[in-house]
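Colleague: need a structure here:
(chains A and B)
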Amino acid sequence: AQKVTQAQTEISVVEKEDVTLDCVYETRDTTYYLFWYKQPPSGELVFLIRRNSFDEQNEISGRYSWNFQKSTSSFNFTITASQVVDSAVYFCALSEADSGAGSYQLTFGKGTKLSVIP
Amino acid sequence: DVKVTQSSRYLVKRTGEKVFLECVQDMDHENMFWYRQDPGLGLRLIYFSYDVKMKEKGDIPEGYSVSREKKERFSLILESASTNQTSMYLCASSPLGLAAQETQYFGPGTRLLVL
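Modeller: You can find the predicted model right below:
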């Protein structure tokens, strides 16, 4: 069964510090997709990135970067020079392409609450 | 831009009431989902729909039902609300057919309090 673990429940950093949010996943499938979502205090989950299991290239988008390592089943998210607006709950999620009829289902981690202190 | 809207941001109901949560998406997406989010438990799938009038149970369907009469609208129904259904409810939609790679887009959520 698929599983996503975000071991960090809460993290606090001071503005301008770098912070890495960890995500470890379990799957028996060879084809799968990983996602990160941001949930600000307003409540709406905002899609950040999608990665497929065959693409291990790291990705950078502005201050955000993602490190995907199949060898350790991890898909970590780093925010560089954090800002107060980055304060949110961040969710990592997994879907498995080999699951047949259930392949559209997302399995979410429990989330990491990031607080950026000015 | 994908837009998913939910009828209420906050709702207060009494035990035993029938509750309707409405979700509308404007991107002609095939799939729609209802989740509930609880502290320490993350997001859990209640029901989803991959076409008009089609529905499938998720991980925690007990106490809920759904309706999808039109493609853009997906309703979650609490037949007889109970206090353990106090939660944040999130609706999502995704395009095309059922596929693992499709991104789900979420609405703003409805915080339901059942007294």
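Colleague: in chain A, which ranges drop under the pLDDT threshold?
Modeller: A:98-104 (pLDDT under 70).
Colleague: near chain B, which residues of it show up?
Modeller: Residues of chain A that fall close to chain B, judged by CB under 8 Å from any CB of the partner chain: A:31-33, A:35, A:37, A:42-47, A:50, A:52, A:91, A:95-97, A:99, A:101, A:103-106, A:108-111. C-beta coordinates here come from the backbone N, C-alpha and C atoms, glycine included.
Colleague: how about a cut-off of 7 Å?
Modeller: A:32-33, A:35, A:42-45, A:47, A:50, A:52, A:95-97, A:101, A:103-106, A:108-111 (CB under 7 Å from any CB of the partner chain).
Colleague: Identify those among the residues you listed that sit within strands.
Modeller: Among the residues of chain A next to chain B, the residues falling in strands (DSSP state E) are A:Y32, A:Y33, A:F35, A:F47, A:R50, A:N52, A:S95, A:E96, A:F108.
Colleague: Show me how to select, in PyMOL, the buried members of these.
Modeller: Those of these that count as buried under 16 or more other CB atoms under 10 Å in any protein chain shown are selected in PyMOL with:
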select buried, chain A and resi 32+33+35+47+95+96+108
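Colleague: just curious, which of the ones in strands among the residues of chain A next to chain B is nearest to B:S87?
Modeller: A:F108 (14.7 Å; CB to CB).
Colleague: Going by neighbour count, which residues of the longest strand seen in chain B are buried?
Modeller: Looking across chain B with DSSP E, the single longest strand is strand B:42-51. Across strand B:42-51, burial judged by 16+ other CB under 10 Å covers B:G42, B:L43, B:R44, B:L45, B:I46, B:Y47, B:F48, B:S49, B:Y50.
Colleague: what residues does the next helix or strand after that strand touch?
Modeller: Later in the chain than strand B:42-51, the nearest helix or strand by DSSP states H and E is strand B:54-57. Residues outside strand B:54-57 that contact it (CB atoms under 7 Å, 6 or more residues apart in numbering or on different chains) are B:Y47, B:F48, B:S49, B:V66, B:R68.
Colleague: In its sheet, which strands sit next to the following helix or strand past strand B:54-57, and in what direction?
Modeller: Heading C-terminal from strand B:54-57, the first helix or strand you meet, by DSSP H and E, is strand B:64-70. Here strand B:64-70 has these sheet partners by DSSP bridges: strand B:73-78 (antiparallel).
Colleague: who's in contact with the strand it pairs with?
Modeller: B:18-24, B:32, B:34, B:46, B:49, B:63-68, B:85, B:89, B:91.
Colleague: Going through these, which ones are buried?
Modeller: Neighbour counting with 16+ other CB under 10 Å marks B:19, B:21-24, B:32, B:34, B:46, B:49, B:64, B:66-68, B:85, B:89, B:91 as buried within the contacts of strand B:73-78.
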